[in-house]
Structures are given as structure tokens and as C-alpha cells.
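*Asks:* predicted structure and sequence below. I'll ask about it afterward.
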Amino acid sequence: MTEHIRIIIADDHPIFRSGLAQLLNLEENIEIVGEAENGAKALAMIRETAPDVAVLDIDMPEKGGFEVAKELKNERISIEIVFLTMHKNETLFNAALNLGVKGFVLKDSAVEDIVHAVKTVVKGESFFSQPLTKFLLKRAKPDLVDSLTPSEKRILSLIGEYKSSREIAEKLYISVRTVERHRENISLKLNLHGNKALLKFALENKEKLF
């Protein structure tokens, strides 16, 4: 037997909200138990009806999606959340994941994504609109700069200033051999190959080396 899913939708645009509700109501196992035009009403409905999933617009009056999600988390209310947004914003995406939100749907693909998103998060799994997956991959990839020691970062930053090994040695009061050894270790850690690879990496990550 298919699990029955109870949902609340909160969005301050009535036509968009109604369209999503109609789309979800076409599914036999989905029931819309409430619609809200702002975050405050959504929060009250969630407390009263205890739905399985809350579909929340990030930008709403009287509490946006993030504020609602934070209050639900603080009150330890068990519910899965799908955020709706118009913005392909990496900062918002990461903030949502840090808050424990499992669904993130772009409004311009909501018609295609919303049903799948709801059915996925209710299982405890994650769903993100396809254009946002690049942020997920970037988030999962460790920052290689963090693997470097402070001395290695300093040397790499000087390489990014087009300084030679001798110039770096003179500036840091160390031997040229020590600089060359650092260059080898940095290349190994970063899996870089070729004469210009260190310079290219240093230029691309300049702001992270201080």
C-alpha cells in the first residue's frame, strides 16, 4: 500500500500556490491539508495539523522559509521540508542543507519537480532541482587548499606573485633547496603536474592563501 502523504504549501503568490496544490492533488496518495500565504500562517498550520511535508517559499512575508524551518527545528517538530525559490544561489543552498532541509526546488522547474521532490523527501532522501546539483558536487569536494600547511600556503601565494624559488628563499630567509622541497610537497598534495601548474593553481585560489 502506498504511503499517504499530508502536505502544507506556503507561498505568497496565490496563482503559483494554487497551481502546485492542483498538481499535487492529482496524486492519489497526496493530500493538501493547508495553504498559507505567509510563513507565520504556515507555522501555525504545521503546529495544528502535523503534516508530513511542508513546501515553503524561501521569500515570504511574516517569516520566510528559513525562519519557519528554524522554528520547526527548535521546537523539534518532525517534518520534512521542501524549499521553493527563484534563485540559483549557492549560499542559500548550503544554508538549507546545513539546516537539515532535504528538498530544494527552483520555481521555474517546480511543475516538473515538485511531486518527485515531495515523494523523495518523505522517504528521508534528498531531492534538488537539476541546476542546483553543481552546488552539491562542489560542497562534497574538499577544499584542497585546506590540506596545505601555513608555510606551504605562504610559498604558494608568493608563487602566485610570479616570484622565483630564489626570490621566495630570500624573502622567507630559507634556502632555495627548502623552497624546492616545499614546491614538490605542494604539488604532491594538490596532484599538480607541469611547470605552470602551481602558478595556475595559486592564481585561481589567491584569496584562500592568506
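*Replies:* Ah, there it is. The structure displayed is predicted, hence computed values, not measured ones. Numbers count the residues shown, from 1 in each chain.
*Asks:* tell me which helix or strand residue 54 sits in.
*Replies:* Using DSSP states H and E, residue 54 falls within strand 53-57.
*Asks:* give the pairing partners of that strand; include direction for each.
*Replies:* Strand pairing for strand 53-57, determined by DSSP bridges: strand 5-10 (parallel), strand 80-85 (parallel).
*Asks:* after the last one comes which helix or strand?
*Replies:* Put plainly, it is strand 80-85. With DSSP H and E, the next secondary element past strand 80-85 is helix 90-98.
*Asks:* sorry, back to before: looking at the strands paired with strand 53-57, which is closest to residue 177?
*Replies:* strand 80-85 (53.8 Å; C-beta to C-beta). Every C-beta, even on glycine, is put in place using the N, C-alpha and C of the backbone.
*Asks:* and the angle from that closest one to helix 90-98?
*Replies:* Between the axes of strand 80-85 and helix 90-98, defined by axes from the mean of the first three to the mean of the last three C-alpha atoms, to 10 degrees, the angle is 170 degrees.
*Asks:* out of the strands paired with strand 53-57, which one sits most buried?
*Replies:* Comparing the strands paired with strand 53-57 by mean neighbour count (mean count of other C-beta atoms under 10 Å), strand 80-85 ranks first with a mean of 25.
*Asks:* list the contacts of it.
*Replies:* Applying C-beta atoms under 8 Å, 6 or more residues apart in numbering, the contact partners of strand 80-85 are 11, 52-59, 65, 69, 72, 92, 96, 101-107, 110, 114, 117-118, 121-122, 124, 127.
*Asks:* and the helices in the chain?
*Replies:* 14-25, 39-49, 65-74, 90-98, 110-121, 133-140, 150-159, 165-172, 176-190, 197-204 (DSSP state H).
*Asks:* go through those helices and find the least confident stretch.
*Replies:* Per-stretch mean pLDDT for the helices of the chain is lowest at helix 133-140 (a mean of 77).
*Asks:* how distant is it from the center of its chain?
*Replies:* Offset of helix 133-140 from its chain centre (C-alpha atoms, centre = their mean, to the nearest Å): 7 Å.
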